[in-house]
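Colleague: One predicted model, sequence on top.
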Amino acid sequence: MKVALLQMAIKEGQPDKNRQHLLELLDDDVTLNQVDLLVLPELWDTGYALADLDACADENGREAQEFLAELAKKYHINIIGGSIARAHDGRYFNTSYTFERNGQLINCYDKVHLFGLMGEDKYLSAGDSDSSFLIDDILTSQVICYDIRFPEWLRKQMAKGAKLLVVPAEWPSARISQWKILLQARAIENQAFVVAVNRTGQGLLDSFDGHSLVIDPLGNILLETDDQEGLSLFDIDFSKIEEVRGQIPVFADRRLDLYEED
């Protein structure tokens, strides 16, 4: 699977400008038609303009869905659309949409763990369902940013047999070393590939410097981007997963009888 990781700077609270900028970044790259999966960063449409969601959130995600579906069809590419600010019944969600090459929506995931340090818990509602789907016959799970600090949540999803974990994020520069360590740990303990896409640029409260990653099931960083905008491509060979899982069968060796809370 050839994946494309799109880092981009985000204009806070300006979804129209961010959609246009995203198109400009994609149009600058002539290789996109050769890619199987495109991954975008978290909240690429609004950034963390949470106090302005009344004005900029996407009602029921309609505009984002239409925009991403057209991109999928145009480039004949699977898309995990990072996440967007979605309005629904007077509440707001941090929502990710996944589309197949034909523009068909195949997954919707609302961020489950809300990050109080950036005010998410004051403005957003948490999701309550997991995220598991097929991309070109590869079972994939997807979470968003802060979710990676909760390994029990990821293990619940990855234990279904997923070979790929995708993580869109807006992870601040000040904690980028933790970003790498946490993602490497999630790859190792789930014996899966991890594709994680971070934003760049200056936000309202924090700066972001990319460092998007592709990590193999042994925790090796195969690709690490710099702090610049643009597409980065990588070919994932999923045959390595069977080798790793065969040597250390952690899923078979789990003691589920001991893990239930009293």
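Modeller: Nice, I can see it.
Colleague: which of the residues in the helix or strand harbouring V3 are buried?
Modeller: Using DSSP states H and E, the element containing V3 is strand 2-7. For strand 2-7, the buried set under the neighbour-count rule, 16 or more other CB atoms under 10 Å, comprises V3, A4, L5, L6, Q7. From N, CA and C alone the C-beta is placed, and that goes for glycine too.
Colleague: from the residues you listed, which is closest to N190?
Modeller: V3 (17.5 Å; CB to CB).
Colleague: Please look at the closest one and L233 and confirm they touch.
Modeller: Yes: between V3 and L233 a contact is recorded at 7.1 Å, counting by CB atoms under 8 Å.
Colleague: list the residues that contact both of the two?
Modeller: Common contacts of V3 and L233 (CB atoms under 8 Å, 6 or more residues apart in numbering): V35.
Colleague: the helices in the stretch 1-150 of the chain, which residues?
Modeller: With DSSP state H, counting those that start in this stretch, the ranges of helices along the stretch 1-150 of the chain come out as 15-27, 53-56, 62-75, 120-123.
Colleague: Parallel or antiparallel, which strands does the strand holding V3 pair with?
Modeller: With DSSP bridges as the test, strand 2-7 is paired with strand 37-39 (parallel), strand 230-235 (antiparallel).
Colleague: ok, now which ones touch the residue positioned nearest the centre of the chain?
Modeller: The residue lying closest to the centre of the chain (CA atoms, centre = their mean) is P168, at 2.4 Å. P168 sits next to 39-42, 80, 82-83, 96, 142, 144-145, 196-197 when contact means CB under 8 Å, 6+ apart.
Colleague: From the rest of the structure, what touches the strand holding V3?
Modeller: For strand 2-7, the external contacting residues (CB under 8 Å, 6+ apart) are 22, 25-26, 29, 32, 34-41, 77, 195, 197-200, 210, 212, 214, 223, 225, 228-236.
Colleague: how big is the angle separating that strand from helix 62-75?
Modeller: With axes from the mean of the first three to the mean of the last three CA atoms, to 10 degrees as the basis, strand 2-7 and helix 62-75 are set at 140 degrees to each other.
Colleague: Please put the alpha-carbon coordinates of strand 2-7 into PDB.
Modeller: Only the C-alpha atoms of strand 2-7 are listed here, as PDB (Å, rounded to 0.1, in the frame of the first residue of the first chain):
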ATOM      1  CA  LYS A   2       1.400   3.400  -1.000                       C
ATOM      2  CA  VAL A   3       0.400   6.000   1.500                       C
ATOM      3  CA  ALA A   4       0.500   9.800   1.300                       C
ATOM      4  CA  LEU A   5       0.800  11.800   4.400                       C
ATOM      5  CA  LEU A   6      -0.300  15.400   4.000                       C
ATOM      6  CA  GLN A   7       1.100  18.000   6.400                       C
END
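Colleague: Just say which of the strands paired with strand 2-7 is most tucked in.
Modeller: Of the strands paired with strand 2-7, the one with the most neighbours on average (mean count of other CB atoms under 10 Å) is strand 37-39, at a mean of 23.
Colleague: Just give me how far that strand sits from the chain centre.
Modeller: Relative to the mean C-alpha coordinate of its chain, strand 37-39 is positioned 9 Å out (CA atoms, centre = their mean, to the nearest Å).
Colleague: what comes into contact with that strand?
Modeller: Contacting residues not belonging to strand 37-39 are listed as 1-6, 32, 71, 75, 77-80, 82, 135-136, 166, 168, 195, 197 [CB under 8 Å, 6+ apart].
Colleague: average pLDDT for it?
Modeller: Strand 37-39 comes out with an average pLDDT of 97.
Colleague: what do you get for stretch 203-211?
Modeller: Computed over stretch 203-211, the average pLDDT equals 92.
Colleague: do you know how far Q34 is from D235?
Modeller: As judged by CB to CB, to the nearest Å, Q34 and D235 stand 10 Å apart.
Colleague: Where does pLDDT dip in this structure?
Modeller: Residue ranges of the chain with pLDDT under 70: 28-30, 261-262.
Colleague: What strands flank the longest strand seen in it, and is each parallel or antiparallel?
Modeller: Criterion DSSP state E: the longest strand present in the chain is strand 91-99. As defined by DSSP bridges, the strand partners of strand 91-99 come to strand 78-80 (antiparallel), strand 84-88 (antiparallel), strand 105-110 (antiparallel).
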